Each structure stands twice: as structure tokens, then as C-alpha cells.
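1. here is a sequence together with a model predicted from it:
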Amino acid sequence: MTPLARAALAASVAALLLAAPQASATNYTLWIHGKNSGGTQAGNYADFSNWGPSSTAAGVNKKAVNWDGRQRIGGQNYRIRDALDCFCTGTNWCYIAVHSAGDLQIGYALSLYGTSARYKKNATPNSSGVCGNTDGTTQTGWNIKWVDVASGAGGGSELADVGEWATNDPIVGDLVTTTARAMYNHNTTGAKWFYMFAGAKGTAYSGILPGQDDEAVAYHTTGGVSGSSGGSYCNPGDWFCGGTLNTGTNACSDGRAKWSYHTVSLRDDGESYSHGAGGQWGGIVSKVREDIVLYAK
């Protein structure tokens, strides 16, 4: 879906909401972080310490979806589902922005729970991040417009494969490339589009991560490339690579397709964007934030 089409979709949804004044509808922007040291306050939707200053513009009614980034995806996914239930049910709609292993979290939720019955919630969370029911009725899945992904780790990282992350954090096991790719069906997104932003300012681990990388994950995962294992993909013109990561929904130059409903919005041809936000909405996160500010209204 092109930026123009995205803008048209947002406008059409807004028009529908305006046509139904009896409904009190609100749009939210949910930010789901990736692997971290566990310093964020789980259930506190105002804690943006993983990203940067909370005063920074980052989409309409922004909420930080915090989880223990040291633990396994499956064991912490309820935190993501709690947030989706809170802000993305009933008459409310959500834009989703994720970083790194946050890609695994939203993908896991949509693939395994995206067609489940969800109680419509009142968007008023308690101290645990759980919201109350509105009228006791349910809906199928969540009201999500689209997902922006900053250097997504949905396909895992070779740093986990070789034990480069010298930590006993359980999430490292989930980030092994074959494990991450077998965790759920990445093609099953509930027809929600994943807009991939792939960074390429990688240096230190260039011998471990195949193709272009941002020092933590390689293009095969940040570009949403399908398959049971990773591959070596680069920017156009790089002769020392297995193939080119093409933009949009186009397959890679070697014919490897992207997962369904995954499209590359930004390929870092200038090798300018690193993996982390650096506590200042930096790196590849800066480009997703720009996109969110532009489109998440």
C-alpha cells in the first residue's frame, strides 16, 4: 500500500467515524519495544523511557506498551494483548509501531489471537495495564489500521544463533533465526499491513550477520523476507551479497518472497540508520516516528 493509499484509508475511516456521531471513537498509537534490560514499567502506558522523551510527538494519543524484554515472547505476549484489548476494541482504532523483537510480539499476537473473541474495553487501564469491559460484548480480533516496524526481528538474528549476546535472558533463545521463524505463521496478520523500515548502519558484527545489517539484525528479517532461515541481502549494487532486498512487496532479487502483508517502506541505501533508539528516538526508530507523526492521526 502506497503512502497515498494509506492517507486515503485514514481519511475514509475518519469519514465513517464522523458519519456516526452517536459513537465515541478514539484513535491511539501503540509503541511496542523489543529486547531490553527490563527497565520499563510493565502496564504503565505513559513510560516511554525505552524510546526517548515522552514529550516528543509520536502519533495520536500515544501509548507505550511495556513488557519484560528479557523474557520469552509467549510468556510476555499477554501484555501486548492487554494493550490491544484496552485501546483497539469497540469504537476505538489503533496504529501500531514496533521495534526489533516488538515485531515478534505483534506478529505473535495477530497470528495466534487475531481471530479470537475479544471483550470490548473502556480504554481506562488499572495499575496492571488492564482495562474494564464496556457492555460485556465481544468482537473478533482488534481494530488495527496498520503496523510500522523499525528494524523488526520477526526473522530472528544470527547474533542469537552463535551466542554473541552473552546473556542468560530467555528471549535470546526466541531470537535464534530458525526459532523465530517457526514461532508462528508470519503470513497470518489478519490482513494488517506491516511496513518495514530496514536499517543498514552496521559495522561491528558484519562477519556474523549476513548481508546488510544494523549491528543487531540483518536485512532478511528487517525486510520481512520469508522462509525457515535467513539469507544474505543487501542494497542495490553490492556485489558481495547473495541478493538485493527490493522495496515494496517485490520479492528479493534471488526470488525469495516477503511474508504476506509485509512491504519494505524504507531500505537504508545510505547506510545511515543504526538499530537502537539511544533514548532519543534515534536510529531507524527516528524514521518510523516520522512516518507515524505524518500518518497516525
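-> Yes, it's here. Numbering: from 1, shown residues only.
2. the strands in the stretch 1-150 of the chain, which residues?
-> With strands called from DSSP state E, counting those that start in this stretch, the stretch 1-150 of the chain shows them at 27-32, 62-65, 93-99, 117-125, 131-140, 144-150.
3. ok now the third one, how far from the chain's centre?
-> This means strand 93-99. 7 Å (Cα atoms, centre = their mean, to the nearest Å).
4. ditto for the last one
-> Its chain's C-alpha centre lies 6 Å from the corresponding centre of strand 144-150 when counted by Cα atoms, centre = their mean.
5. what's in contact with it?
-> 1, 6, 9-10, 13, 84, 88, 93-100, 103, 106, 110, 189-190, 192-197, 199, 222, 224, 265, 283-285, 287-288, 291-292 (Cβ atoms under 8 Å, 6 or more residues apart in numbering). Every C-beta, even on glycine, is put in place using the N, C-alpha and C of the backbone.
6. doesn't C234 make contact with A218?
-> No. If you go by Cβ atoms under 8 Å, A218 and C234 don't touch, sitting 9.5 Å apart.
7. what touches both of the two?
-> Counting by Cβ under 8 Å, 6+ apart, the common neighbours of A218 and C234 are 211-212.
8. the two: who's more crowded?
-> A218 (35 against 24; other Cβ atoms under 10 Å).
9. any idea how far G59 is from the more buried one?
-> A218 is 28 Å from G59, where distance means Cβ to Cβ, to the nearest Å.
10. and the helices in the stretch 101-250 of the chain?
-> 102-113, 158-161, 171-174, 177-182, 219-222 (DSSP state H, counting those that start in this stretch).
11. give me the mean pLDDT for stretch 212-227.
-> Stretch 212-227 shows a mean pLDDT of 96.
12. nope, stretch 261-277 is what I was after
-> Mean pLDDT, stretch 261-277: 97.
13. give me the buried positions along it.
-> Across stretch 261-277, burial judged by 16 or more other Cβ atoms under 10 Å covers 261-268, 273-277.
14. cool, stretch 100-118 as well?
-> Neighbour counts over stretch 100-118 (16+ other Cβ under 10 Å) mark 100-114, 118 as buried.
15. for the stretch 101-250 of the chain, give me the ranges with low pLDDT.
-> Where the stretch 101-250 of the chain drops to pLDDT under 70, the residues are 166, 204-206.
16. so who does the nearest residue to D103 once chain neighbours are set aside touch?
-> Once flanking residues are discounted, D103 sits nearest to G152: 3.2 Å by Cβ to Cβ, 6 or more residues apart in numbering. Residues near G152 by Cβ under 8 Å, 6+ apart: 98-100, 102-103, 194, 196, 217, 221-222, 224.
17. and if you look at T138?
-> Counting by Cβ under 8 Å, 6+ apart, T138 touches 117-120.
18. what is the nearest of those residues to T26?
-> Checking the contacts of T138 against T26 with Cβ to Cβ, the nearest one is K120 at 13.0 Å.
19. ok, and the closest non-adjacent residue to that closest one?
-> Nearest non-adjacent residue to K120 (Cβ to Cβ, 6+ apart): G90, at 3.9 Å.
20. need the pLDDT of that neighbour.
-> Note on G90: pLDDT of 98.
21. ok, back up a step: and of the buried residues of stretch 100-118, the nearest to C131?
-> Once Cβ to Cβ is applied, the member of these that ends up nearest C131 is R118, at 11.2 Å.
22. just list whatever residues bridge to the closest one.
-> R118 has these beta-bridge partners by DSSP bridges: Q139.
23. correct me, but it touches C86?
-> No. R118 lies out of contact with C86 (Cβ under 8 Å); the separation is 10.4 Å.
24. now D254: how far from T56?
-> 39 Å.
25. list the contacts for the closest residue to L104 other than its chain neighbours?
-> Nearest residue to L104, sequence neighbours excluded (Cβ to Cβ, 6+ apart): I73, at 5.0 Å. I73 is in contact with 101, 104-105, 108, 171, 174, 183, counting by Cβ under 8 Å, 6+ apart.
26. ok, N185 next?
-> S111 are the contacts of N185 under Cβ under 8 Å, 6+ apart.
27. ok, R256 to A200 distance?
-> Distance from R256 to A200, by Cβ to Cβ: 18 Å.
28. which of those two has more neighbours?
-> Taking neighbours as other Cβ under 10 Å, R256 and A200 compare with A200 leading, 26 against 17.
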